[in-house]
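J.: model this:
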Amino acid sequence: MKTREGLEHEDLTDKIIGCAINVHKKLGPGFLESIYENAFVVELQKQNLKVDRQQEIIIKYDGIEVGRHRLDLFVDDTVVVELKAVKNIEDIHFAIVKSYLKALGKEHGLLINFSKKVLEVKRVICN
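T.: Next comes the predicted model:
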């Protein structure tokens with residue numbers, strides 16, 4: 001469903017981003033990614049969002065399984081969320097999220113970096 005601004009799933013992604021902001025405000029930068037993931041899941045669940053952690057996805061090549069990978073978070077069976085605790089988000093991080101989206105047949109992802117003084121959030125759309 002598209003909102004008046006035209007972003008599909010905007011209400012859901014806004015909720016997810018709000019949860020990330022709450023975690024960042026309370027914890028600040030400097031922790032391991034796993035700590036942010038644990039706190040972030042608590043926040044998402046407080047918003048009654050369905051959260052799958054470390055969901056295994058099958059990677060196929062020409063219809064044949066060639067491997068498996070785990071997503072950080074998959075929210076409401078709609079949005080892939082990739083968490084980072086890095087100095088800078090780089091092009092490879094966007095490429096990874098796009099690959100996850102393609103493997104799942106989904107279009108919407110968020111790349112969230114907790115290591116900055118101001119929380120860094122990037123939307124990733126894969127058509």
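
J.: what pairs with the helix or strand bottoming out on mean pLDDT in the chain, parallel or antiparallel?
T.: Lowest by mean pLDDT, DSSP states H and E among the helices and strands of the chain is strand 56-61, with a mean of 91. According to DSSP bridges, strand 56-61 forms sheet pairs with strand 64-70 (antiparallel).

J.: centre of the chain versus the partner strand, how much separation?
T.: Remark: strand 64-70 is offset 20 Å from the chain centroid, using Cα atoms, centre = their mean, to the nearest Å.

J.: now stretch 53-69
T.: The chain centre lies 18 Å from the centre of stretch 53-69; the measure is Cα atoms, centre = their mean.

J.: now do the buried residues in the least confident helix or strand of the chain.
T.: residue 57 (16 or more other Cβ atoms under 10 Å). Heads up, the C-betas are built off the backbone N, CA and C, glycines and all.

J.: cool, and stretch 110-127?
T.: In stretch 110-127, counting by 16+ other Cβ under 10 Å, buried: 110-116, 119-121, 124, 126.

J.: how long is that stretch from one end to the other?
T.: 15 Å (Cα to Cα, to the nearest Å).

J.: so for that stretch, what's the average pLDDT?
T.: Across stretch 110-127, pLDDT averages out at 94.

J.: residues contacting it, please?
T.: 7, 13, 16-17, 20-21, 23-24, 27, 29-31, 33, 36, 40, 79-89, 93-94, 97-98, 101-102, 106-109 (Cβ atoms under 8 Å, 6 or more residues apart in numbering).

J.: residue boundaries of the helices in the protein?
T.: 10-27, 33-46, 91-104 (DSSP state H).

J.: I'd like to know which of the ones you listed is closest to residue 55.
T.: With Cβ to Cβ as the criterion, residue 55 lies closest to helix 91-104 of these, at 9.0 Å.

J.: angle of the closest one against strand 56-61?
T.: For helix 91-104 against strand 56-61, the angle by axes from the mean of the first three to the mean of the last three Cα atoms, to 10 degrees is 90 degrees.

J.: once you drop chain neighbours, what's closest to the residue nearest in space to the middle of the chain?
T.: Nearest to the geometric centre of the chain sits residue 81, at 0.9 Å (Cα atoms, centre = their mean). Spatial nearest neighbour of residue 81, chain neighbours left out: residue 73 (4.1 Å); criterion: Cβ to Cβ, 6 or more residues apart in numbering.
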